[in-house]
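# sequence unknown, structure follows:
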Ligand code: COA
């Protein structure tokens, strides 16, 4: 595993100076204390993805030339095309890998992990880099207090390989509901509303979210899908060592853990430090907890995001034997 978090800290106190909000409101409604922002104008998602991928390869003792495929989950690619994965492939020196981006908002990492798993399971590929990376500050409206408090920038990467034993990624479930009455999206910049003076003036290139509607959907969806995969494998709260949840709001995570029958100490939470980094939240959690994870630990990873998209992965830990 590898990760990258930018140095610059944007605290709740800093946001108090930018919009009409306060630390107490942000902490109690979301669990966030601070988030990281990528400040260098010459750097973006591909930069963070490469840093995270380099660390992952180094920790696995694998040369970049041995990587077969690169999947980058992101909604903030450096360019609409070429894919961020192509930039990453070149900068890593992964000359034998092909790569592509995957767009599924906050569920992006889990969709990419499922895709990479199937590529390895098929026997066609042996080393697949799965990266979740987002520069959310590039699409955040820092005049909208309801959204700008939520997001941060980061990247996380994992290298998938065959385990050779019964551990590893055992199963996943993914769902999509392309709700036309969209409550979470970036209105402009795509082919329907390309960039124009009007779209820039209206800040339509930033995240739009109806927080209240999305909160309800996310709370139901993340708990439902976590229970779905637990029921499928006859797991109860005692069996699960860790919930690795997407970090959108601490209240959503708490509600999911309650419905799964998990106590607080089995839940990975780092939203206080990083905010919602979209595709990066789950690999960042795995990275932060890597020394506590034991061989054979049963993990449930789950996420909900724009689209709507949601999903869960059930795995047993293959490292730290
Ligand atoms: N500071 C202070 N007050 C704020 C505020 C802020 N940053 N943002 C909104 N408010 C106000 C609202 O204007 C509203 O005021 P009103 O009651 O006078 O109208 C009040 O706080 C409550 O707003 P509401 O939107 O109902 O708050 P909430 O409890 O739903 O929390 C979110 C807002 C965004 C934190 C929450 O809805 C959320 O986390 N949504 C889902 C996020 C998510 O999961 N995204 C998708 C997955 S990535």
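The structure has been received and is ready for your questions. Since we're looking at a predicted model, the values are computed, not measured.
# Report all helices and strands that the host helix or strand of residue 259 contacts.
Assignment of secondary structure by DSSP states H and E places residue 259 within helix 250-260. With contacts taken as 3 or more CB pairs under 8 Å, 6 or more residues apart in numbering; DSSP states H and E, helix 250-260 sits against helix 23-30, helix 211-232, strand 242-245, helix 271-274, strand 298-305. In this view, the C-beta of every residue, glycine as well, is placed from N, C-alpha and C.
# following the last one, which helix or strand shows up next?
Read that as strand 298-305. Counting by DSSP H and E, the next helix or strand C-terminal to strand 298-305 is strand 309-316.
# can you tell me which residues contact the residue of the stretch 151-300 of the chain found nearest the ligand?
Nearest residue of the stretch 151-300 of the chain to the ligand, counting by CB to the nearest ligand atom: residue 211, 2.9 Å away. Counting by CB atoms under 8 Å, 6 or more residues apart in numbering, residue 211 makes contact with 146-147.
# And for residue 109?
In this structure, residue 109 makes contact with 73, 130, 132, 156, 279-283, 303, judged by CB under 8 Å, 6+ apart.
# Just the element for it, please.
Using DSSP H and E, residue 109 falls in helix 108-121.
# what residues are up against residue 295?
Shown in contact with residue 295 (CB under 8 Å, 6+ apart): 167, 317-321.
# So among the residues you listed, which ones count as buried?
Neighbour counting by 16 or more other CB atoms under 10 Å classes 167, 317-318 among the contacts of residue 295 as buried.
# Take those and write them to JSON lines, including pLDDT and distance to residue 30.
Shown next, in JSON lines, are the buried ones among the contacts of residue 295 (pLDDT from 0 to 100; distance: CB to CB, whole Å):
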{"residue": "167", "pLDDT": "96", "distance to residue 30": "34"}
{"residue": "317", "pLDDT": "98", "distance to residue 30": "29"}
{"residue": "318", "pLDDT": "96", "distance to residue 30": "33"}
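# quick one on the thing from earlier: of the contacts of residue 109, closest to residue 99?
Proximity of these to residue 99 (CB to CB) peaks at residue 130, which lies at 10.7 Å.
# how close does the closest residue to that closest one other than its chain neighbours get to the ligand?
Excluding the flanking residues, the one nearest residue 130 by CB to CB, 6 or more residues apart in numbering is residue 116, at 4.4 Å. Distance, residue 116 to the ligand, using CB to the nearest ligand atom, to the nearest Å: 22 Å.
# circling back: could the contacts of residue 295 be laid out in TSV, adding distance to the ligand?
Formatted as TSV, the contacts of residue 295 follow (distance: CB to the nearest ligand atom, whole Å):
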residue	distance to the ligand
167	30
317	26
318	28
319	28
320	30
321	34
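# Mind checking which of those residues are in strands?
In strands, judged by DSSP state E, none of the contacts of residue 295 are found.
# And the furthest pair within these?
Among these, 167 and 320 lie farthest apart (CB to CB), at 10.7 Å.
# Contact residues of the chain facing the ligand?
Neighbours of the ligand within the chain, by CB under 6 Å from any ligand atom: 21, 25, 29-30, 106, 145-146, 149, 184, 211-212, 214-215, 218, 248-249, 252, 276, 304-305.
# Now intersect the contacts of residue 109 with the helices, please.
Per DSSP state H, helices hold the following members of the contacts of residue 109: 281-283.
# Pick the one among those residues closest to residue 15.
residue 281 (19.5 Å).
# So what's the residue count around the residue in the stretch 1-150 of the chain that the ligand sits nearest to?
Minimum separation of the stretch 1-150 of the chain from the ligand (CB to the nearest ligand atom) falls at residue 21, amounting to 3.3 Å. With neighbours defined by other CB atoms under 10 Å, the count for residue 21 comes to 17.
# confidence score at it?
With respect to pLDDT, residue 21 has a value of 98.
# what's near enough to touch it?
Contacts were defined as CB under 8 Å, 6+ apart; by that measure residue 21 touches 12, 15, 145, 149.
# element containing the second one, please.
Residue 15 is part of helix 12-16 when elements are defined by DSSP H and E.
# Contacts for stretch 283-290 next, please.
Identification of contacts with stretch 283-290 by CB under 8 Å, 6+ apart yields 1-3, 5, 52, 109, 130-132, 154-158, 242, 244-245, 247, 268, 270, 274, 277, 293, 319.
# Can you give the distance from that stretch to the centre of its chain?
What separates the centre of stretch 283-290 from the centre of its chain is 11 Å, taken as CA atoms, centre = their mean, to the nearest Å.
# how about stretch 159-179: buried residues?
Buried residues in stretch 159-179, defined by neighbour count with 16+ other CB under 10 Å: 159-161, 167-170, 172-175.
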